[in-house]
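> let's see this in three dimensions:
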Amino acid sequence: MNRLTILFIISFAFVSCKKKCPTPAPKSDSFLSLTVQPKFGSNNLFLDSIYTSPDGYKVKFTDLKFYITQLKNGSSTLTDATIFDFRENGLLAFRKIGDPTQFTALQGFIGVDGTLNHLDPSAFPNESPLNISNAGTMHWGWNTGYIFLSIEGKVDTIPDGNNSFDHSFSFHIGTDSYLSDFSFNSLNWQNPSANEFILPFKLDLLTFLQNPTQPIDLKTDFLTHSGAGQEALSEIVVQNFKQAFQPY
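The predicted structure is shown next:
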């Protein structure tokens, strides 16, 4: 077969395929969302609503925020940093483009890891959760670094039948000593609609309070800003939070 015949066959095949073979559709982006449902036992938790603590106190939570950083599966990074702010953003921690098959397992930190924690918060990009305009009260003005998690509320410690909420509690955990790592395997991304994938977590504040090995009594265990003399309660808050935060 001479060269002219070969070129004719190749040209015919190319033109034929161009007419008959469909052009592959461009692959659509998938959007990955991580959500966190606050719970109080079997009930969904709402800020400012009244619940009963394991010690029998009426309690309401007024603030619930925390950072997650270096969220990845091996060498594949899902996000460098995100902030969960229940009052401002509801259940959504973040939404971004990605491939859910790369993130069937996840490792990360509750808090801001040391490579980021002491950087200038005004130097991060404007869209970064670590930028001071987005961090807001989650960056300490009096201390170097970020507040890793914030749980605040009020509790009624007077058993007179009235909802007096005489007592406030405030758990602000930060500083490198209290960075907490986590790792989850066999994660199940939900696919509610085309190109939308959701990974749901829950944060059970009843579990947070009643951890059987280190329960928190809001009447006596009500304040830590991770300072000197508050180490014991700070460590309990970190460990109880870690137990309360789980895939849904």
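> mind listing what's buried along the longest strand seen in the chain?
Longest strand in the chain by number of residues, with DSSP state E as the criterion: strand 58-73. Neighbour counts using 16 or more other CB atoms under 10 Å place 58-61, 63-73 of strand 58-73 among the buried residues. All C-beta spots, glycine's among them, are computed from the backbone N, C-alpha and C.
> can you list the strands that it pairs with?
Within its sheet, and counting by DSSP bridges, strand 58-73 is paired with strand 51-52 (antiparallel), strand 76-85 (antiparallel), strand 106-110 (antiparallel), strand 147-156 (antiparallel).
> C-alpha coordinates for the second one, PDB please?
In PDB, the C-alpha atoms belonging to strand 76-85 read as follows (Å, rounded to 0.1, in the frame of the first residue of the first chain):
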ATOM      1  CA  SER A  76      -5.000  15.900  48.800                       C
ATOM      2  CA  THR A  77      -6.200  19.100  50.600                       C
ATOM      3  CA  LEU A  78      -9.900  19.800  50.900                       C
ATOM      4  CA  THR A  79      -9.400  23.100  52.700                       C
ATOM      5  CA  ASP A  80      -6.600  24.900  54.500                       C
ATOM      6  CA  ALA A  81      -8.900  26.700  56.900                       C
ATOM      7  CA  THR A  82     -12.600  27.200  57.500                       C
ATOM      8  CA  ILE A  83     -14.700  28.600  60.400                       C
ATOM      9  CA  PHE A  84     -18.000  27.200  61.500                       C
ATOM     10  CA  ASP A  85     -20.200  30.000  62.800                       C
END
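> could you give the mean pLDDT of that strand?
Confidence over strand 76-85, taken as the mean pLDDT, stands at 97.
> and stretch 159-174, which residues are buried?
165, 167, 169, 171, 172, 173, 174.
> turn those into a markdown table, including pLDDT and secondary structure.
Written out in a markdown table, the entries for the buried residues of stretch 159-174 read as follows (pLDDT from 0 to 100; DSSP: H, G, I helix; E, B strand; the rest coil):
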| residue | pLDDT | secondary structure |
| --- | --- | --- |
| 165 | 95 | coil |
| 167 | 96 | strand |
| 169 | 98 | strand |
| 171 | 98 | strand |
| 172 | 98 | strand |
| 173 | 97 | strand |
| 174 | 96 | strand |
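> for this protein, which segments count as strands?
Taking DSSP E as the test, the strands found in the chain are 31-40, 43-44, 51-52, 58-73, 76-85, 92-97, 106-110, 147-156, 167-174, 180-184, 190-193, 196-204, 223-224, 245-247.
> tell me what angle the longest one forms with strand 180-184.
For the pair strand 58-73 and strand 180-184, the angle between their directions (axes from the mean of the first three to the mean of the last three CA atoms, to 10 degrees) equals 70 degrees.
> could you tell me the angle between strand 58-73 and strand 92-97?
Comparing the axes of strand 58-73 and strand 92-97 via the same axes, to 10 degrees yields an angle of 20 degrees.
> re the thing from before, out of the strands paired with strand 58-73, which is closest to residue 119?
Counting by CB to CB, residue 119 lies closest to strand 76-85 out of the strands paired with strand 58-73; the figure is 11.1 Å.
> where does pLDDT dip in this protein?
Confidence mapping of the chain against pLDDT under 70 gives the ranges 1-28, 142-143.
> nearest to residue 129, out of the strands of the chain?
Closest approach to residue 129 among the strands of the chain (CB to CB): strand 76-85, 4.3 Å.
> roughly how far out does the closest one sit from the chain middle?
7 Å (CA atoms, centre = their mean, to the nearest Å).
> equivalent analysis for stretch 68-87, please.
Distance of stretch 68-87 from the chain centroid (CA atoms, centre = their mean) equals 7 Å.
> that stretch: which residues count as buried?
With burial defined by 16+ other CB under 10 Å, the residues of stretch 68-87 counted as buried are 68-73, 78-86.
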